[in-house]
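In: fold the following for me, if possible:
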Amino acid sequence: MPATDFNALIGPLGPFERPPVIAAAVSGGSDSLALGLLLAEWVAARGGRLQVLSVDHGLRPEAGAEAESVARRFAGLQHCAAEVLTWTGPKPATGLQRAARAARYDLLTSWCRVRGILHLALGHTADDQAETVAMRRAHGSTELGLAAMPAIQQLEGVRLLRPLLGCRREALRAFLRERGETWLEDPSNEAPRFERVRQRRAVAESGAVPVLIDEAERFGRARDAEDRAVARLLIAAATLHPEAFVTLERAAWQAAEDGLRRAALRRLLMAVGGRAYPPAPAAVEALTERATLARSGIVGTLAGCVLAIRQGRIELCREAGDIRDRPKVAPGWSGLWDHRFLLSVADGAPSGDLDIRPLGAEGQRQAARNFGLSLKRHPVPAPARAALPALWQGEQVLAQPHLGLGSGLAARPNLRHPATTCGFTVAVRPPHTMYSSFPG
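Out: Got it, this is the predicted structure:
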């Protein structure tokens with residue numbers, strides 16, 4: 001593959017820093033190996049830096065040695081560094097591939113976030129896209145799901161880039177053969193007990209790969225157009241607050257057509273609820289209609305969120321009772337909480353029996369009694385206050401940073417999905433403004 005061809009593939013996925021700094025997930029298989037080699041040449045030509053990350057899932061005895069061999073291969077290249085990340089802990093008896101995928105993404109994105117690397121490149125190809133469409137069609141996915149994998153995807157503050165989505169696997173293998181490269185073969189990729197393997201075989205035997213690729217591209221263009229329309233509506237109507245709730249100006253909201261309101265609410269529910277997948281279309285449609293017609297009060301709950309009308313505005317807040325994330329913590333701890341906040345516990349915080357829980361009703365009572373917080377006419381809605389993260393020691397609230405309670409806990413918003421990720425993003429910027437960004 002000539003360098004000019006790869007420029008055409010990765011260029012639209014920018015903009016990139018000057019010089020560019022990119023991480024790449026490289027397993028050693030043909031697709032990711034080709035990606036790593038192409039990216040290594042691309043960053044070197046621009047004086048940039050490539051960080052290759054190889055994950056050892058610990059599922060096969062030889063996996064660790066394979067990951068180390070990938071790291072050595074790239075560590076010897078100019079403008080490259082390489083590291084092996086290891087999935088530790090117990091492995092599930094069922095849903096192993098899904099769990100391994102989730103663990104892999106968590107390891108990769110966490111590594112990038114800690115080091116301030118914004119771009120993480122993945123080696124998904126057109127063949128992977130066809131398999132994804134086939135799997136989602138078999139599960140009755142909507143048109144949004146049939147758009148399959150986007151070329152650009154925001155995930156917990158990291159931009160996932162898939163520059164090879166337009167490339168067939170065999171073309172990448174021909175590129176590697178021309179260079180005298182060999183790649184690793186993971187035997188799990190041939191194990192029929194996994195759904196993706198079965199779909200891969202069925203798609204190949206039917207000759208349907210080109211048709212499925214075209215389908216993904218067609219639905220992807222429709223998703224991209226919808227994303228842009230949703231983003232324009234949210235810029236006009238929505239405010240994302242640092243307390244992780246959203247307010248919508250009703251005039252701008254009601255001026256939009258029904259389908260656009262439904263699409264916007266679907267994304268907002270995912271953002272505020274910390275969900276990776278949207279709720280059922282029928283449920284979104286019903287809640288959208290109620291939000292448009294209702295005058296005041298609680299309108300309904302869906303996908304871990306509470307929707308209400310207050311002072312003439314629509315408010316969408318996290319539902320405190322739905323939050324199950326209650327990590328035990330210690331001074332110096334940091335992590336993602338409820339997919340909505342990046343939290344850190346100060347080194348000087350008290351030790352012993354600490355955890356992060358929603359503030360809830362009891363926490364607000366303690367806030368009024370122990371910290372003198374006045375809740376009358378408070379600008380943060382009651383459901384949003386209840387769902388805020390608080391540092392607890394036993395049954396006593398020690399800190400809640402948004403409301404100025406105590407000390408020892410810091411929080412940054414981590415809302416995702418306000419608009420999805422085909423190159424158009426609406427996101428939170430402190431304190432609570434919204435912005436849009438286009439590739440290139």
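
In: partners of the residue nearest to N370 when sequence neighbours are not counted in the sheet?
Out: Nearest in space to N370, with sequence neighbours left out and distances taken as C-beta to C-beta, 6 or more residues apart in numbering, is V397 at 7.5 Å. Just so you know, the C-beta spots here come from the backbone N, C-alpha and C atoms, and that holds for glycine as well. Beta-bridge pairing of V397 under DSSP bridges involves W392.

In: neighbours of V397, how many?
Out: By the criterion of other C-beta atoms under 10 Å, V397 has 22 neighbours.

In: what's the neighbour count on G140?
Out: G140, neighbours per other C-beta under 10 Å, totals 7.

In: next, give phi and psi for it.
Out: For G140, the backbone dihedrals are phi 70, psi 30 (criterion: degrees, to the nearest 10).

In: pLDDT score assigned to it?
Out: Looking at G140, its pLDDT stands at 75.

In: could you measure from it over to A280?
Out: Here the criterion is C-beta to C-beta, to the nearest Å. By it, G140 lies 11 Å from A280.

In: after the host helix or strand of R104, heading C-terminal, what element do we hit next?
Out: Assigned by DSSP states H and E, R104 falls within helix 96-115. Where DSSP H and E defines the elements, the next helix or strand beyond helix 96-115 is strand 119-121.

In: who does the following helix or strand past that following strand touch, helix- and strand-wise?
Out: Per DSSP H and E, strand 119-121 leads on to helix 126-138 as the next helix or strand towards the C-terminus. For helix 126-138, the elements it packs on are helix 143-146, helix 195-206, helix 209-237, judged by 3 or more C-beta pairs under 8 Å, 6 or more residues apart in numbering; DSSP states H and E.

In: list the strands paired with whatever helix or strand comes next after the first one, with their directions.
Out: Translated: helix 143-146. Toward the C-terminus, helix 143-146 is succeeded by strand 152-155 as the next helix or strand (DSSP H and E). Counting by DSSP bridges, the strands paired with strand 152-155 are strand 158-161 (antiparallel).

In: can you name the residues in contact with the very next helix or strand once past the partner strand?
Out: Per DSSP H and E, strand 158-161 leads on to helix 169-178 as the next helix or strand towards the C-terminus. For helix 169-178, the surrounding residues in contact (C-beta atoms under 8 Å, 6 or more residues apart in numbering) are M1, S30, D31, L33, A34, L37, T125, A126, D127, L164, T182, W183.

In: ok, and the most crowded of those residues?
Out: Most neighbours among the contacts of helix 169-178, by other C-beta under 10 Å: L164, with 29 neighbours.

In: gap between that residue and L39?
Out: L164 is 10 Å from L39, by C-beta to C-beta.

In: repeat that for A208.
Out: For A208 relative to L39 (C-beta to C-beta), the value is 30 Å.

In: compare those two (neighbour count), which wins?
Out: Set A208 next to L39 and count neighbours by other C-beta under 10 Å: L39 wins out with 28 against 15.

In: look up phi and psi at R377.
Out: Dihedral angles for R377 - degrees, to the nearest 10 - are phi 60, psi 30.

In: what's around it, how many residues?
Out: R377: 5 surrounding residues under other C-beta under 10 Å.

In: give me the pLDDT for it.
Out: So, for R377, pLDDT stands at 82.

In: kindly report the same for the one 4 residues further on.
Out: Among the per-residue scores, P381 shows a pLDDT of 92.

In: for L85, helix, strand, or coil?
Out: With DSSP: H, G, I helix; E, B strand; the rest coil as the basis, L85 sits in strand.

In: from memory it sits against H57, does it?
Out: No. Between L85 and H57 there is no contact under C-beta atoms under 8 Å: 9.7 Å.

In: pick out whichever of the two has more residues nearby.
Out: When neighbours are counted by other C-beta under 10 Å, H57 comes out ahead of the other of L85 and H57, with 23 against 18.

In: flag the shaky bits of this protein, pLDDT-wise.
Out: 1-4, 144, 187-193, 415-440 (pLDDT under 70).

In: middle-most residue in it, spatially?
Out: The chain has L155 as the residue nearest its centroid, 2.4 Å off, counting by C-alpha atoms, centre = their mean.

In: please look at that residue and T109 and confirm they touch.
Out: Yes. With contact defined as C-beta under 8 Å, L155 reaches T109; the gap is 5.6 Å.

In: report how many residues lie close to G29.
Out: For G29, the count of nearby residues is 19 (other C-beta under 10 Å).
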